[in-house]
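Asker: quick one, structure for this:
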Amino acid sequence: MANILYVDDDLQLSGMVEDWLLYEKHNLEVVHTGLEGWQKAKANQYDMLILDWDLPDLNGIDILKRFRSSGGTTPVLMLTGHTDVNDKEMGLDSGADDYLTKPFHMKELSARIRAILRRTEAQTPFLQPLGDGNEDVLKRAELAGTVLASRYEFREVLGEGGLGLVFKAMHPMMEKLVAIKMLHAHQLQNESIERFKREAKAVSRLDHHNIITIHDFGVTERGQPYMVMEFIEGNSLADWIAEQGALPLDLALDLSIQSCDGISHAHEMGILHRDIKSSNIMLKQYSGRNPVVKILDFGFAKLKDQEPKTPIELTQLGQVFGSPPYMSPEQVRGKSLDECSDLYSLGCVIYESLTGCPPHMGESSMDVMLKHLEEPVLPLRELRPDLNLPEDLEPILAKALDKDPTARYQTLNELKGDLERVRMKVKMAAS
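Answerer: Below you'll find the predicted structure:
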């Protein structure tokens, strides 16, 4: 008995096949269009897929190619009227495990299904998950029985959001803690997968001590993308501010300068982050010294060597990516972005570090975004007169947060240089 997805627009034939396979005690789901078949197939919840070639919306070969390229390992039987040997070659080369042409006898279909299932069972090793008592952790992402679960000892869930989970895990051979990020099974849609791949591709280009390191990227047997990253012992900057309020001036300047370094490296490598915010800046703790900044979550990153998008696409993206308290005015408008947009977002983070809150707050996301467009930023001294901030700092933040991108600093290194000069003055005044 197997769970089978059957995609065929021939209603008469599919009805006959359904009756026959149900009689043979298989669990069968039948759909009649290519797009519906693809939506079902990519969930990777079946023991076998049976695909017709000629389908409305999306043909069976395209479904097969998409399925294999996304990491799908479920066996596929092409059941089609394409009898030419070149078509059969194309079907098998595209990833089909078998190819049966119409017309056929139902007994031959049953025999082919049994043969495929036997081969699959023989090829599937028994994978013993590492770690004791971690069954509940593995269930959170349907990891039991996967190669990934047999390579890493999953310890606990570090975080969970609408798109996925982050696990704390141990690499047993290296005795090293790692963080493993995975998508939820129900989030395996094209947009989510592409964002996940974009993040892995972006970070894999980067080699900087202020940017999170990715050790591995892949897809499980069930089609779920994952990333293995360095494990950061510490909290995010957002957590730190929420717990302790505004940072001490020397610490805020140090973390801001480190952030400039990390983001500048990404820009030099042709990558725009496009979602700089305090919750995406992790602080790696060390005894007796300031934390080290680790910039993460490049899920909205843009590789500058990608083909430029049309204005319509940019507008649509502008409604999706970014976090309102940190979005540049041009990002709010859905305009084409450059390094100055990331610089503005970091300016919002620096302002938050010094005052305890971002420069613009509101009752709704739309309210906040409109303020980025229309309202001036409240001066630091007016918001926090108790902090006794250096006079030099005010014009630096004003320039970083200018609503006109051409009036801002044009590189992170320029901003970093001015912040370093302020830090030097503060140290000299304190000595």
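Asker: could you point out the helix or strand that follows the lowest-mean-pLDDT helix or strand in the chain?
Answerer: Every helix and strand in the chain was compared by mean pLDDT, DSSP states H and E; the lowest is helix 311-318, with a mean of 37. Using DSSP states H and E, the helix or strand that follows helix 311-318 in sequence is helix 329-332.
Asker: the helices in the stretch 151-300 of the chain, which residues?
Answerer: Ranges of helices in the stretch 151-300 of the chain, per DSSP state H, counting those that start in this stretch, are 190-204, 237-244, 249-268.
Asker: from the ones you listed, which stretch is densest packed?
Answerer: Most buried of those by mean neighbour count (mean count of other Cβ atoms under 10 Å) is helix 249-268; its value is a mean of 21. Just so you know, the C-beta spots here come from the backbone N, C-alpha and C atoms, and that holds for glycine as well.
Asker: contacting residues around P359?
Answerer: G347, C348, Y351, E352, V377, L378, L401 (Cβ atoms under 8 Å, 6 or more residues apart in numbering).
Asker: can you do 7 Å?
Answerer: When contacts are counted by Cβ atoms under 7 Å, 6 or more residues apart in numbering, P359 touches C348, Y351, V377, L401.
Asker: F196 now?
Answerer: L183, P225, G299.
Asker: next up, phi/psi of the last one, please.
Answerer: Looking back up the chat, that one is G299. phi -60, psi -20 (degrees, to the nearest 10).
Asker: surely it touches E199?
Answerer: Yes: applying Cβ atoms under 7 Å as the test, G299 and E199 come out as touching, 4.4 Å apart.
Asker: this structure: strands as residue ranges?
Answerer: Secondary structure of the chain (DSSP state E): strands at 3-7, 27-31, 48-51, 76-80, 98-101, 153-160, 164-171, 176-183, 214-219, 225-230, 271-272, 281-286, 289-295, 302-303.
Asker: got these as JSON lines, with mean pLDDT and mean neighbour count columns?
Answerer: What follows is these, written out as JSON lines (pLDDT from 0 to 100; neighbours: other Cβ atoms under 10 Å):
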{"stretch": "strand 3-7", "mean pLDDT": "93", "mean neighbour count": "21"}
{"stretch": "strand 27-31", "mean pLDDT": "92", "mean neighbour count": "17"}
{"stretch": "strand 48-51", "mean pLDDT": "95", "mean neighbour count": "26"}
{"stretch": "strand 76-80", "mean pLDDT": "94", "mean neighbour count": "25"}
{"stretch": "strand 98-101", "mean pLDDT": "94", "mean neighbour count": "18"}
{"stretch": "strand 153-160", "mean pLDDT": "89", "mean neighbour count": "15"}
{"stretch": "strand 164-171", "mean pLDDT": "90", "mean neighbour count": "20"}
{"stretch": "strand 176-183", "mean pLDDT": "90", "mean neighbour count": "20"}
{"stretch": "strand 214-219", "mean pLDDT": "82", "mean neighbour count": "17"}
{"stretch": "strand 225-230", "mean pLDDT": "89", "mean neighbour count": "22"}
{"stretch": "strand 271-272", "mean pLDDT": "92", "mean neighbour count": "23"}
{"stretch": "strand 281-286", "mean pLDDT": "93", "mean neighbour count": "19"}
{"stretch": "strand 289-295", "mean pLDDT": "94", "mean neighbour count": "19"}
{"stretch": "strand 302-303", "mean pLDDT": "76", "mean neighbour count": "17"}
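Asker: next, format these as CSV and append distance to N86.
Answerer: Shown next, in CSV, are the strands of the chain (distance: least, Cβ to Cβ, whole Å):
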stretch, distance to N86
strand 3-7, 22
strand 27-31, 27
strand 48-51, 18
strand 76-80, 13
strand 98-101, 12
strand 153-160, 46
strand 164-171, 41
strand 176-183, 37
strand 214-219, 30
strand 225-230, 34
strand 271-272, 43
strand 281-286, 54
strand 289-295, 51
strand 302-303, 37
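Asker: of all those strands, which lies closest to S70?
Answerer: strand 214-219 (6.9 Å; Cβ to Cβ).
Asker: how about residues contacting stretch 377-384?
Answerer: A246, L354, T355, P359, L389, L393, E394, L397, L401.
Asker: ranking by neighbours, what's the top pick from those?
Answerer: When neighbours are taken as other Cβ atoms under 10 Å, the top entry among the contacts of stretch 377-384 is P359 (25 neighbours).
Asker: just read off the phi/psi values of it.
Answerer: Dihedral angles (degrees, to the nearest 10) for P359: phi -70, psi -30.
Asker: right, and D8 touches G15 too?
Answerer: No: in this structure, D8 is not within contact of G15 by Cβ under 7 Å, at 9.8 Å.
Asker: looking at those two, which is more packed in?
Answerer: Neighbour count, other Cβ under 10 Å: between D8 and G15, D8 has more, with 25 against 12.
Asker: list the contacts of that one.
Answerer: S14, H32, D52, L79.
Asker: from these, which two are the most distant?
Answerer: Between all members of those, the farthest pair (by Cβ to Cβ) comes out as H32 and L79, at 13.6 Å.
Asker: S279 touches S236, doesn't it?
Answerer: Yes: S279 is within contact range of S236, at 5.0 Å (criterion: Cβ under 7 Å).
Asker: pLDDT below threshold where in the stretch 301-431 of the chain?
Answerer: 304-321 (pLDDT under 70).
Asker: list phi and psi for the nearest residue to I61 once chain neighbours are set aside.
Answerer: With sequence-adjacent residues excluded and distances taken as Cβ to Cβ, 6 or more residues apart in numbering, I61 is closest to S94, at 5.5 Å. Main-chain torsions, S94, degrees, to the nearest 10: phi -80, psi -10.
Asker: any idea of the pLDDT on S94?
Answerer: If you check S94, the pLDDT there is 89.
Asker: could you do D250 as well?
Answerer: 93.
Asker: my guess is it contacts K425. True?
Answerer: No: D250 is beyond contact range of K425, at 11.6 Å (criterion: Cβ under 7 Å).
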